[in-house]
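What shape does this take:
(chains A and B)
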Amino acid sequence: MANTACFIIVGRNDIPIYEAEVGSAPKKEEAAHQHQFILHAALDIVQDLAWTTSAMFLKAVERFNDLVVSVHVTAGHTRLMLLHDSCNEDGIKSFFQEVHELYIKILLNPLYLSGSRIISSHFDTKVRALARKYL
Amino acid sequence: MIGAGKIKQYANVLDKPLSRGRQEVSLSAFAFLFSELVQYNQTRVDNIAELERRLEDAGYAVGARVLELLCHREKGNRRETRLLGILSFVHSTVWKVLFGKVADSLEKGTEHEDEYMISEKELLVNRFISIPKDMGTFNCGAFVAGIVKGVLDGAGFPAVVTAHFVPVEGQHRPRTTILIKFAEEVLQREARLG
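Got it, this is the predicted structure:
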């Protein structure tokens, strides 16, 4: 498993709907803030890049020191973003695919409002399990 | 309880595999449910425009979900980034899954560059509906227009989508045309992508 990894899902209106620090490194508050800052900065690049390809997985879109941002854009322009320090691309791709499927299941729930926060604890548990498995 | 014992029960929706979309629902059950939807909204509005807007909103929620699900299931995780691509996705893939057939026609508007039309001889939601004279141009196809709008908006192609009756010569019932008018930014992006 990666040392540092921060995973967020950003809705189509650029509001984060799910966040998780999934790294095995001890949690530091200022690091978490820095991670959010880097991910936020990458959003602009993603917006431009998303229209140049029809693939969902955009691979690594940005680097910051030894940290890399990988992004997966869904059909509805919800962005799954992962900040990580290892470069296991296949693992990341599988991770995104499985989380994407979970996201679709959440979205299909008629009581879930598109673009609102995902508060399901079951979703959180599953995402963390997938992170342990693939990252 | 209907269907009890036939379907495996899961404690949480996240454990349940995504449906492969082979099941069909009874047309009469759908028509009954849709008629209730229209009647429910009809008692809560003052005018026809408001009623159409409410049906459109109901459809929009369907469209946003259908887009995400079908791109994953039918398109093997490819997104649509081009105008014609997303239109044919609506015309073929979405129509096929929702109504069991592709739409009758997809045309480009002759007068305006930014207008496209999807026409259907007998739109599924309108099959058992006749509009009273006093309701003017009201069309329950507004629900389907909302679905189309939901798909297009979600994929990043904002558009104004409306449903209209168009009389056909020699036919008793008019056909329904879904008129799509794309926002300016969409056409600008199309031109930029070349």
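
When you work out contacts or count neighbours from here on, use the C-alpha atoms and nothing else.
Noted.

quick one, what contacts the nearest residue to A:Ala55 once chain neighbours are set aside?
The shortest distance from A:Ala55 to any residue that is not its chain neighbour, by C-alpha to C-alpha, 6 or more residues apart in numbering or on different chains, is 5.3 Å, and that residue is B:Arg78. B:Arg78 makes contact with A:54-56, A:75, B:71-72 under the criterion C-alpha atoms under 8 Å, 6 or more residues apart in numbering or on different chains.

what's the nearest residue to A:Trp51 if we skip its chain neighbours?
The shortest distance from A:Trp51 to any non-neighbouring residue, by C-alpha to C-alpha, 6+ apart, is to B:Thr81 (5.9 Å).

show me the residues around the one you found that make contact.
Under the criterion of C-alpha under 8 Å, 6+ apart, the contact list for B:Thr81 reads A:51-54, B:155.

Return the member of those residues nearest to B:Asp57.
Set against B:Asp57, the nearest of those by C-alpha to C-alpha is B:Ala155 (16.9 Å).

measure the closest one to B:Ser28 for me?
The gap separating B:Ala155 from B:Ser28 is 32 Å, by C-alpha to C-alpha, to the nearest Å.

Same drill for these two, tell me which one is more crowded.
For B:Ala155 and B:Ser28, the more surrounded residue by other C-alpha atoms under 10 Å in any protein chain shown is B:Ala155, and the numbers stand at 23 against 10.

Roughly how far does the closest residue to A:Glu62 other than its chain neighbours sit from A:Leu130?
In this structure, A:Glu62 finds its nearest non-sequential neighbour in A:Val69, 5.2 Å apart by C-alpha to C-alpha, 6+ apart. Distance, A:Val69 to A:Leu130, using C-alpha to C-alpha: 18 Å.

same thing with A:Ala75?
Between A:Ala75 and A:Leu130 the distance is 22 Å, computed by C-alpha to C-alpha.

Then B:Gly136?
For B:Gly136, the distance to A:Leu130 (C-alpha to C-alpha) stands at 55 Å.

quick one: which of the two has more around it?
Relative neighbour count places A:Leu130 above the other of B:Gly136 and A:Leu130, with 18 against 9, counting by other C-alpha under 10 Å.

And for the residue sitting nearest the centre point of chain A, nearest residue in space, chain neighbours not counted?
For chain A, the residue lying nearest the average C-alpha position, counting by C-alpha atoms, centre = their mean, turns out to be A:Met81 (2.8 Å). Nearest-residue entry for A:Met81: A:Val71, 4.6 Å, with adjacent residues in sequence omitted and distances by C-alpha to C-alpha, 6+ apart.

Quick check: what element follows whichever helix or strand that neighbour is part of along the chain?
A:Val71 is part of strand A:67-73 when elements are defined by DSSP states H and E. Downstream of strand A:67-73, the next assigned helix or strand under DSSP H and E is strand A:79-84.

if you average pLDDT over that following strand, what comes out?
In this model, strand A:79-84 carries a mean pLDDT of 93.

anything in the next helix or strand after that strand near chain B?
For strand A:79-84, the following helix or strand on the C-terminal side (DSSP H and E) is helix A:89-108. Yes: for helix A:89-108 and chain B, the contact criterion (C-alpha under 8 Å from any C-alpha of the partner chain) is met by A:102, A:104-108.

follow-up on the earlier one: gap between the residue nearest to A:Ala55 and B:Val151?
Distance, B:Arg78 to B:Val151, by C-alpha to C-alpha: 15 Å.

now A:Gln36
Note on A:Gln36: its distance to B:Val151, by C-alpha to C-alpha, is 30 Å.

Repeat that for B:Ser35.
For B:Ser35, the distance to B:Val151 (C-alpha to C-alpha) stands at 23 Å.

okay, those two: which has more neighbours?
B:Val151 (30 against 15).

Name the SS class of that one, please.
For B:Val151, the assignment made with DSSP: H, G, I helix; E, B strand; the rest coil gives helix.

got the contact list for it?
B:Val151 sits next to B:60, B:63-67, B:90 when contact means C-alpha under 8 Å, 6+ apart.

Dump those residues into CSV; add secondary structure, distance to chain A and pLDDT as well.
Putting the contacts of B:Val151 into CSV (DSSP: H, G, I helix; E, B strand; the rest coil; distance: C-alpha to the nearest C-alpha, whole Å; pLDDT from 0 to 100) gives the following:
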residue, secondary structure, distance to chain A, pLDDT
B:Tyr60, helix, 11, 96
B:Gly63, helix, 10, 95
B:Ala64, helix, 7, 94
B:Arg65, helix, 6, 94
B:Val66, helix, 8, 95
B:Leu67, helix, 7, 95
B:Val90, helix, 13, 96
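
Which one (most neighbours) among these?
Neighbour-wise, the contacts of B:Val151 (other C-alpha under 10 Å) top out at B:Leu67, 28 neighbours.

ok, A:His72 touching A:Ala60?
No: look at A:His72 against A:Ala60 with C-alpha atoms under 8 Å: they stay out of range, at 9.7 Å.

neighbour-wise, which of those two wins?
Neighbour totals were compared for A:His72 and A:Ala60, and A:His72 leads with 25 against 17 (other C-alpha under 10 Å).

low-scoring stretches of the chain, by residue?
Looking at chain A here, since you left the chain open. A:1-2, A:25-26 (pLDDT under 70).

my bad, the chain I had in mind was chain B
If you take pLDDT under 70 as the line, chain B has these spans: B:1-7.
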